[in-house]
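*Asks:* fold the following, please.
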Amino acid sequence: MFKFTKRYRYQPLGQNHLPKFGIRHWQVIVLFILVFLAYGVRVTLSVAIVSMTDPTASSNPNVPTYPEWKDRSIVLSAFFWGYVIPQVVAGWLSSRYGAKWFLIGAMGSCGTMCLLLPIMADAFGSKGVMINRAIQGFCQGFIFPSTHFVLSQWVPPDERSRSGTFVYAAGPFGTVVGMLATGAISASWAGWPLVFYIYGGASLAWCVLSAILSFNSPADHPRIGDAERFYVENSLGHTEGKVVHTTPWKRIVTSLPVWAILISHIGQNWGFWTLMTEIPTYMSDVMEFEIKSNSILSALPYFVLWVLSFGMSFTSDMLISKGLLKVGSARKVFNSIGLIIPAIALIFLGLTPADEPKRAVIFLVIAVGFNAGIFCGFNVNHVDISPNHAGTLMGITNGISNITGIVAPMLVQFLVTNEKDAGQWKVIFFIAAAIYMVANTFFVIFGSGEVQEWNESFEEREKRNKAP
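*Replies:* Prediction:
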């Protein structure tokens, strides 16, 4: 039996009432764990490399160290050598074949390389770590495009900001845990290699969990209730199950809203990865914090980012659902919070002298913490403007923007010739602030919250309009 409603075409009645916590939420939780572990794997080396190159970092003299490494920033950038390669293809593959097994294969391979990193460091030095991290990056290049596709199949529009933020905010949460755990373990008797064994094993365990719980869409799930399936599919317009959509490449490339997301994504990643990879070194060499304090203070900004992300996501959804802001306006407001406030904080951070570490920490917390606004800004905007091609769009913007993960640390290597010189770090912070401001300005002018015409082909649109 079905009831016609104003919002959805049909809604089943009877025993299968819509659950408050349903199958769609389990998909979101599995993605949360995935992103949590992925960011943990990414950030471990940023902290561990301090102890990997310092013979006094661990209380165990048998822990291997490599003080001769003079290419730390290049080692840290190696992850992105591989990361940028599969992005567009990953989004396209997910849209055609589903994301489940691509994610499991990618995370399984990444976890295996994580387990092998200490061995490769010992056998091949910094070059071995670069190769290992490049392979890890290639594997993780499948994660965000595929995750975006899963969200586009499982998350109704009214839950988009909350669910999207919950999943992607797992990144800063994973950063917090990864930095704290890496700092504590690296300074312990076990030493830095244990960090990579833990994260490698956890990544393989996630693959087992995902194989059991994850499904590409409600239509593929064998145990989802009728009410929840209709709720999700009708709210997203997926009334005919899985449909393979032809990708309108030319329309995508010439779309200003897509360019707005791309430019904003580039600006965000430049600042984010500059800080992510270099904060531990800055804390150690300029502010002279030892490894345990370094990891705690390096993690603090990302903890604030994680906390603020939830408040901003609920506020964004509330403003949209109550009609106080249109989707596009809400995205621009929160994107501005996420980029302009951090830009101002980075300017003040650059002006902070080396003998005022507390002031520097405050500005770092503001610069990273308020970056939470982007989760309700450009980061979910792919799904707003084209639900059918969200994975492909994320692949495009995430792939191109993460080239900054290679360029930004290499720029640090080039400009910061003396890592203890606060004046040289000031240039790095000023560059990031300027890029933040330019990127947000472009998004505010050209961004959109409306579904674009090219989201569907003419034939698909005609067929949908003729449906009873």
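
*Asks:* my guess is residue 376 contacts residue 334. True?
*Replies:* Yes. Taking CB atoms under 8 Å as the definition, residue 376 is a contact partner of residue 334 at 3.9 Å. All C-beta spots, glycine's among them, are computed from the backbone N, C-alpha and C.

*Asks:* so which of these two has more stuff around it?
*Replies:* Applying other CB atoms under 10 Å to residue 376 and residue 334 shows that residue 376 carries more neighbours, namely 30 against 27.

*Asks:* what is in contact with residue 376 and residue 334 at once?
*Replies:* Residues touching both residue 376 and residue 334 (CB atoms under 8 Å, 6 or more residues apart in numbering): 312, 316.

*Asks:* residue contacts, residue 350?
*Replies:* By CB under 8 Å, 6+ apart, the contact list for residue 350 reads 425, 426, 427, 428, 429, 430, 433.

*Asks:* hmm, 6 Å instead?
*Replies:* By CB atoms under 6 Å, 6 or more residues apart in numbering, the contact set of residue 350 is 426, 429, 430.

*Asks:* what about the helix or strand hosting residue 45, distance to the chain center?
*Replies:* Secondary structure from DSSP states H and E places residue 45 in helix 23-52. The chain centre lies 9 Å from the centre of helix 23-52; the measure is CA atoms, centre = their mean, to the nearest Å.

*Asks:* and that helix, what does it pack onto?
*Replies:* When contacts are defined as 3 or more CB pairs under 6 Å, 6 or more residues apart in numbering; DSSP states H and E, helix 23-52 sits against helix 143-154, helix 160-168, helix 170-186, helix 193-213, helix 256-285, helix 291-321.

*Asks:* what's the fourth one in contact with?
*Replies:* The one in question is helix 193-213. 26, 30, 33, 37, 40-41, 44, 48, 104, 107-108, 110-111, 114-115, 117-118, 182, 185.

*Asks:* cool, and the first one?
*Replies:* The contact list for helix 143-154, computed with CB under 6 Å, 6+ apart, reads 24, 27, 31, 38, 87, 90-91, 94-95, 99, 102-103, 164, 217, 383, 387, 390-391, 394-395, 398.

*Asks:* swap in the third one?
*Replies:* If you take CB under 6 Å, 6+ apart as the criterion, helix 170-186 is touched by 32, 35-36, 39-40, 43-44, 47-48, 51, 57, 192, 194-195, 291-292, 295, 298-299, 302-303, 305-306.

*Asks:* chain neighbours aside, what residue packs nearest to residue 178?
*Replies:* residue 40 (3.7 Å; CB to CB, 6 or more residues apart in numbering).

*Asks:* and residue 19, backbone torsions?
*Replies:* Here is the backbone geometry of residue 19 (degrees, to the nearest 10): phi -80, psi 150.

*Asks:* tally of neighbours for the residue nearest to it when sequence neighbours are not counted?
*Replies:* Distance criterion CB to CB, 6+ apart; nearest residue to residue 19, sequence neighbours excluded, is residue 228 at 6.2 Å. Residue 228 has 20 neighbouring residues, counting by other CB under 10 Å.

*Asks:* swap in residue 212?
*Replies:* A count of neighbours around residue 212, defined by other CB under 10 Å, yields 7.

*Asks:* ok, residue 78 next?
*Replies:* Here the number of neighbours of residue 78 (other CB under 10 Å) works out to 25.

*Asks:* could you do the one 10 residues further on as well?
*Replies:* Other residues within reach of residue 88, judged by other CB under 10 Å, total 23.

*Asks:* what separates the helix or strand harbouring it from the chain centre, distance-wise?
*Replies:* For residue 88, the enclosing helix or strand under DSSP H and E is helix 87-97. The chain centroid and the centroid of helix 87-97 are separated by 17 Å under CA atoms, centre = their mean.

*Asks:* try stretch 334-351
*Replies:* Stretch 334-351 has its average C-alpha position 19 Å from the chain's average C-alpha position, going by CA atoms, centre = their mean.

*Asks:* tell me how far residue 453 lies from residue 262.
*Replies:* Between residue 453 and residue 262 the distance is 19 Å, computed by CB to CB, to the nearest Å.

*Asks:* compare these two (neighbour count), which wins?
*Replies:* Neighbours per residue (other CB under 10 Å) separate residue 453 from residue 262, with residue 262 holding more: 21 against 12.

*Asks:* in a strand, residue 353, correct?
*Replies:* No. With DSSP: H, G, I helix; E, B strand; the rest coil as the criterion, residue 353 is located in coil rather than a strand.

*Asks:* quick one, what contacts it?
*Replies:* Contact criterion CB under 6 Å, 6+ apart gives no residues in contact with residue 353.

*Asks:* backbone dihedrals for it, please?
*Replies:* Torsion angles, degrees, to the nearest 10, at residue 353: phi -70, psi 160.

*Asks:* do you know the pLDDT at it?
*Replies:* With respect to pLDDT, residue 353 has a value of 82.

*Asks:* now do residue 420
*Replies:* With respect to pLDDT, residue 420 scores 78.

*Asks:* wait, doesn't it sit right on residue 285?
*Replies:* Yes. Counting by CB atoms under 6 Å, a contact exists between residue 420 and residue 285, whose distance comes to 4.9 Å.

*Asks:* more neighbours: these two, which one.
*Replies:* Using other CB under 10 Å as the criterion, residue 420 and residue 285 rank with residue 285 on top: 19 against 13.

*Asks:* tell me how far that one lies from residue 431.
*Replies:* Counting by CB to CB, the gap from residue 285 to residue 431 is 19 Å.

*Asks:* now residue 340
*Replies:* Taken as CB to CB, the span from residue 340 to residue 431 is 16 Å.

*Asks:* where in the stretch 1-150 of the chain is pLDDT low?
*Replies:* When residues are selected by pLDDT under 70, those of the stretch 1-150 of the chain lie in 1-16.

*Asks:* try 80 this time
*Replies:* The stretch 1-150 of the chain contains residues with pLDDT under 80 at 1-20, 57-59, 72-73, 95.

*Asks:* ok, now the stretch 301-450 of the chain?
*Replies:* The low-confidence ranges in the stretch 301-450 of the chain, as defined by pLDDT under 80, are 354-355, 357, 391, 405-406, 409-410, 413, 419-420, 422.
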